[in-house]
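# Provide a 3D model corresponding to the input given below.
(2 chains)
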Amino acid sequence: MLTVRSLKSYYESICALKAVSLHIEKGEIVTLIGANGSGKSTLLNSIIGLMPRITGTILFEGKEIQGLSSYTIVKLGIALAPEGRQLFSPMSVLDNLILGTYHYYSFKNRQKLNDKIEWIFELFPLLGKRKKQLAGTLSGGEQQMLSISRALMSEPRLLLLDEPSTGLAPKIIENIFRTLTELKEKTNLTIFLVEQNVNLALDICQRGYVIETGQIILSGEKEELMNNKEILRAYLGKE
Amino acid sequence: MPVWNEKYETMKREELAQLQLERLQETLIRVYRRVSYYHTLFNKINFDPLDVSTLSDLKKIPYTTKDTLRLAYPYDMFAVPLREVVRIQSTYGTTGQPLIVGYTKNDIGHWTELTARVLSAGGVTEDDIIQICFPYGLFTGGLGFHYGAERIGASVIPSSEADIENQIIIMKDYRTTALTCTPSHAAWLCEVLEEKGVTPAELSLRKGLFGAEPWSESLRKEIEENLAISATDNYGITEIIGPGISFECANKSGLHISEDHFIPEIINPDTGDVLGWGEKGELVITTITKEAYPLIRYRTGDITHLSYEGCSCGRTFVKMKRVFERNDDMIILNGQNMFPLQFEQILTEVIGRTPNYQLIIDKKDNLDKLEIQIEVSGDFFFDEMKKLTKIELQIIKGVKKRFDFIPEVKLVEPKTIKRYLKKQKVIDRRYH
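Here you go, the predicted model:
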């Protein structure tokens, strides 16, 4: 579904991603593990069209998307729940959700929109209880649910998640990830999960990549990554 | 004969190329960081591992040879600390100092997957009783196939290097259905079976997988006939992984290389130029999933050619022609290049089956001389002198026609020529 080939991403003259290649197949949950500053967010931002300068190829469902505007890329079926949620804090939960439909919103679509919002509230009942509440006043877990829901509102076939577990209690994360896994099973949603929390990431994914200073150093099935003592040592501090 | 891993063995070529690119990039980064030989090499040629953005960029890297590996003895080519290595194996050292190779837990997992593919392509299923007559030990053949066979769920008899008569008793009594060993061993088995008067009907054998040395089509036919089995070839070398690099499917029209783990190239062995599809040359392999002992552009010394024509078995992997020549099997006599299998072909044509033979090369009066010693079985020896002389003459004629020189031919009694695991076909006494 998504093929990235020798992607290089630059901030001015600094090369933050160096010839990164990876692929994600439809229906998979693939993870990218790396430490702070390793280039994880840069990679997601490159895919969604937010990086100022990139070289290489990104193919989504067979079509080249590198260089396209973010608006177009979202329209093509990719959505990002960014690092730190980045909600519109002074706006209500409902408004944040509606904004997620930006690329297909129209008055005529009103019914479809409402159905979608009802569906989100079935997925995340906690949000349903806080429809009118301002996003900035939600708890951490609720904010993360809202960020993911806003992304889901754009009807993506590929969902990019940037460190969704940051600052959240384990039970909340468990809840959110369970919901996502069920969603994947029901709708065949493809998920690319970027995480620093290795245990969590390896638990939910089928396959993953490990990135270090802008280079992919390892990839494999979940069990292979778990077998690799180097990751364990680098990220979990185990011996 | 089922495809063991449909996802990878029948993968579309574009997806396979993407997978290879990802794995190659990772491997290059890892070897640059972890293997001092490659670190120094890349620095020396100003090569940035990230300069590889397509598979053809691999050409920028110089070849790795056996000599490099020898100099790195014992552990300098290892890319992981020893505590990550869960297995150590080594070569026999038939051409020099033995080489040490290592495997991490993931490497063993991959190796198992690869040999499972080989066995499955050769028809082995969980219903088979497979007798593994490769030595178990430092040599990769025994354990390599053992793990793959267990993964498939076959009943594995690790008969290893048991006494040949014992092996036959096992084959009969334990009802072995599949056999894996070297072709010379299989040929030897045929001889001993004949001696003992055991017919294939008394055995349960159905399939054989043979490798670890070159063997001819005529030998294949003989083995298939004498054991009443279907025999397939498979290829592997210790430095790369052991058995599991490539294998024949039911079509027996070339060996599929597991390209999701290895990138093959064909080069001109003298100039080092990369050759095109279908051209014959030396096989060069880059490992893209090995963790403990990765190799970039390793010259195998084996001569073959690659074909991408596709196969009715459904596998999309490239096929390599069966290896009949090793670059270092080559003998040079009075300026002429020749290979042992070429002589074997002549012998087989004259005698009607592949005999146990040896080529002894010596120098006399500044000229290279060749003596071909051939074991002739019991029934031959007691025959008329005329017949034996005729055979000798025909062999001499055959060699003269092919190579334009006259060898000495010596017919010897059975069991005179010592049998090694890997047939030592050539004894070169010229350089002492």
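# got the contact list for residue 140?
All of this is about chain A. A:167-169, A:172 (C-beta atoms under 8 Å, 6 or more residues apart in numbering or on different chains). Bear in mind the C-beta positions are built from the backbone N, C-alpha and C, glycine included.
# To clarify, I was referring to chain B.
B:89, B:101, B:236, B:238, B:241-243.
# my guess is residue B:64 contacts residue B:298, does it?
Yes. Residue B:64 lies in contact with residue B:298 (C-beta atoms under 8 Å); the separation is 4.8 Å.
# got the residues of chain B near chain A?
With C-beta under 8 Å from any C-beta of the partner chain as the criterion, chain B meets chain A at residues B:15, B:18-19, B:21-23, B:25-26, B:29-30, B:33, B:50-54, B:80, B:83-84, B:104-106, B:109, B:291.
# Buried among these? Need that as a selection in PyMOL.
The buried residues among the residues of chain B next to chain A can be selected in PyMOL (16 or more other C-beta atoms under 10 Å in any protein chain shown) with this line:
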select buried, chain B and resi 15+18+19+21+22+23+25+26+29+30+50+52+53+80+84+104+105+106+109+291
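# From the residues of chain B next to chain A, which land in helices?
If you go by DSSP state H, the residues of chain B next to chain A have B:15, B:18-19, B:21-23, B:25-26, B:29-30, B:33, B:105-106, B:109 in helices.
# Turn these into JSON lines, columns for pLDDT.
Below are these laid out as JSON lines (pLDDT from 0 to 100):
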{"residue": "B:15", "pLDDT": "94"}
{"residue": "B:18", "pLDDT": "95"}
{"residue": "B:19", "pLDDT": "96"}
{"residue": "B:21", "pLDDT": "95"}
{"residue": "B:22", "pLDDT": "95"}
{"residue": "B:23", "pLDDT": "96"}
{"residue": "B:25", "pLDDT": "94"}
{"residue": "B:26", "pLDDT": "92"}
{"residue": "B:29", "pLDDT": "92"}
{"residue": "B:30", "pLDDT": "91"}
{"residue": "B:33", "pLDDT": "91"}
{"residue": "B:105", "pLDDT": "95"}
{"residue": "B:106", "pLDDT": "95"}
{"residue": "B:109", "pLDDT": "96"}
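# now, the most widely separated pair of the residues you listed?
Spatial extent of those (C-beta to C-beta) is set by the pair B:15 and B:33 at 27.8 Å.
# Got a ChimeraX select line for the buried ones in the contacts of residue A:140?
Here is the ChimeraX command that selects the buried residues among those (16+ other C-beta under 10 Å):
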select /A:168,172
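# So which of the contacts of residue A:140 are in helices?
Using DSSP H, the contacts of residue A:140 in helices are residue A:172.
# and the contacts of residue A:140 as CSV, adding distance to chain B and pLDDT?
Converted to CSV, the contacts of residue A:140 look like this (distance: C-beta to the nearest C-beta, whole Å; pLDDT from 0 to 100):
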residue, distance to chain B, pLDDT
A:167, 31, 86
A:168, 31, 90
A:169, 34, 89
A:172, 33, 90
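# with the ones in helices among the residues of chain B next to chain A in mind, which one is nearest to residue B:271?
Distance to residue B:271 across these (C-beta to C-beta) is lowest for residue B:21, with 26.9 Å.
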